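[1] coordinates only, sequence not included:
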């Protein structure tokens with residue numbers, strides 16, 4: 001019988017794999033710049049980019065931009081989770097609601113969030129509210145779909161067992177359906193924040209205000225500052241990896257508590 005590796009061992013294995021991948025990218029990057037295939041103005045060396053990144057961290061500009069973007073992200077995802085969960089539960093509970101609102105949610109999920117930006121600018125102006133609106137509409141369809149799917153996929157055996165033990169109505173949902181649906185719901189949140197993050201950066205690139213990471217990318221592009229562009233891209237990637245790792249840890253914890261982890 002195979003034995004599951006300790007969490008520390010799995011974490012170390014994932015970290016070492018990520019470090020190897022990063023090292024490979026840095027080597028290829030350095031070789032391209034060292035051979036002179038690309039102008040340093042178009043592709044600065046890794047040392048130049050990381051020096052720019054360090055300067056931006058020490059003078060606070062990158063930290064302030066990142067914090068402002070993360071605040072918008074957190075608020076937008078929270079609102080999207082609220083509406084997405086309510087709509088998803090309604091879709092799972094009512095076939096009529098699924099046929100009406102569910103079809104609309106599917107259509108909204110297929111619509112690129114950035115397509116909402118002109119309308120958001122018309123409604124809210126080129127303001128903070130327009131950016132947050134794009135984040136919300138970018139995230140909530142995937143959360144709604146995942147919420148509905150996770151409830152529908154609850155085993156009928158669990159529902160029947162709950163009813164046999166006397167649970168019904170709200171008690172059945174509270175003690176049986178909701179706990180069984182949590183792993184799928186967490187995965188929906190994981191997908192939702194990715195859509196929200198992309199929507200946020202795209203909106204910040206276009207709506208100039210608030211001094212977020214997207215705004216910094218736009219300013220660096222207008223100044224033809226490739227080093228700052230790449231430094232900000234590194235920050236965006238690191239934030240994305242960190243948040244996704246947090247959701248992955250939460251997902252493992254939830255599935256482990258429910259006996260859903262399969263030993264390697």
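    All right, it came through fine. Note that the structure is a prediction, hence the values are computed from the model and not measured.
[2] Tell me which stretches of the stretch 101-250 of the chain form helices.
    Counting by DSSP state H, counting those that start in this stretch, the segments of the stretch 101-250 of the chain that form helices are 103-110, 117-124, 128-152, 156-164, 170-172, 178-206, 213-222, 226-257.
[3] tell me what the second one is packed against?
    Other helices and strands packing on helix 117-124, by 3 or more Cβ pairs under 8 Å, 6 or more residues apart in numbering; DSSP states H and E, are helix 128-152, helix 178-206. Where you see a C-beta, it was placed from the backbone N, CA and C, and this is true even at glycine.
[4] so how far is residue 154 from the closest residue to residue 33 other than its chain neighbours?
    If you skip the residues right next to it in sequence, residue 33 has residue 45 as its closest partner in space, 4.5 Å away by Cβ to Cβ, 6 or more residues apart in numbering. Distance, residue 45 to residue 154, by Cβ to Cβ, to the nearest Å: 54 Å.
[5] Pick out whichever of the two has more residues nearby.
    Set residue 45 next to residue 154 and count neighbours by other Cβ atoms under 10 Å: residue 154 wins out with 19 against 15.
[6] In which helix or strand does residue 75 reside?
    Take DSSP states H and E as the rule and residue 75 turns out to sit in helix 61-93.
[7] by how many degrees do that helix and helix 226-257 diverge?
    For the pair helix 61-93 and helix 226-257, the angle between their directions (axes from the mean of the first three to the mean of the last three Cα atoms, to 10 degrees) equals 40 degrees.
[8] tell me the contacts of residue 69?
    With contacts defined as Cβ atoms under 8 Å, 6 or more residues apart in numbering, the neighbours of residue 69 are 200-201, 204, 212-214.
[9] hmm, 7 Å instead?
    200, 204, 212-213 (Cβ atoms under 7 Å, 6 or more residues apart in numbering).
[10] Need the residues you listed in CSV (columns: distance to residue 29).
    Written out in CSV, the entries for those read as follows (distance: Cβ to Cβ, whole Å):
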residue, distance to residue 29
200, 27
204, 26
212, 26
213, 21
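[11] Tabulate the residues you listed (JSON lines), appending pLDDT and distance to residue 41.
    Rendered in JSON lines, the data for the contacts of residue 69 read as follows (pLDDT from 0 to 100; distance: Cβ to Cβ, whole Å):
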{"residue": "200", "pLDDT": "92", "distance to residue 41": "29"}
{"residue": "204", "pLDDT": "90", "distance to residue 41": "25"}
{"residue": "212", "pLDDT": "89", "distance to residue 41": "26"}
{"residue": "213", "pLDDT": "91", "distance to residue 41": "22"}
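[12] Considering those residues, which is situated nearest to residue 112?
    Sorting these by how near they are to residue 112, with Cβ to Cβ, puts residue 200 at the top with 13.7 Å.
[13] surely the closest one meets residue 135?
    Yes. Under the contact definition of Cβ atoms under 7 Å, residue 200 touches residue 135, with a separation of 4.9 Å.
[14] neighbour count winner among those two?
    Just comparing residue 200 and residue 135: by other Cβ under 10 Å the higher neighbour count belongs to residue 135, 31 against 27.
[15] Contact partners for that one?
    By Cβ under 7 Å, 6+ apart, the contact list for residue 135 reads 72-73, 76, 196, 199-200.
[16] Low-confidence regions, the stretch 101-250 of the chain specifically.
    156, 158-178, 209-210 (pLDDT under 70).
[17] and stretch 231-251, how far out from the chain's middle?
    8 Å (Cα atoms, centre = their mean, to the nearest Å).
[18] Show me what counts as buried in that stretch.
    Burial within stretch 231-251, assessed by neighbour count using 16 or more other Cβ atoms under 10 Å, is assigned to 231-232, 234-236, 239, 243, 247, 251.
[19] roughly how far apart are residue 211 and residue 67?
    The value you get for residue 211 to residue 67, if Cβ to Cβ is used, is 10 Å.
[20] Now for residue 200 and residue 135: what residues contact both?
    Common neighbours of residue 200 and residue 135 are listed as 72-73, 76 (criterion: Cβ under 7 Å, 6+ apart).
[21] Columns neighbour count on top of those residues, output as JSON lines?
    Formatted as JSON lines, the entries for these read as follows, by neighbours: other Cβ atoms under 10 Å:
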{"residue": "72", "neighbour count": "22"}
{"residue": "73", "neighbour count": "22"}
{"residue": "76", "neighbour count": "27"}
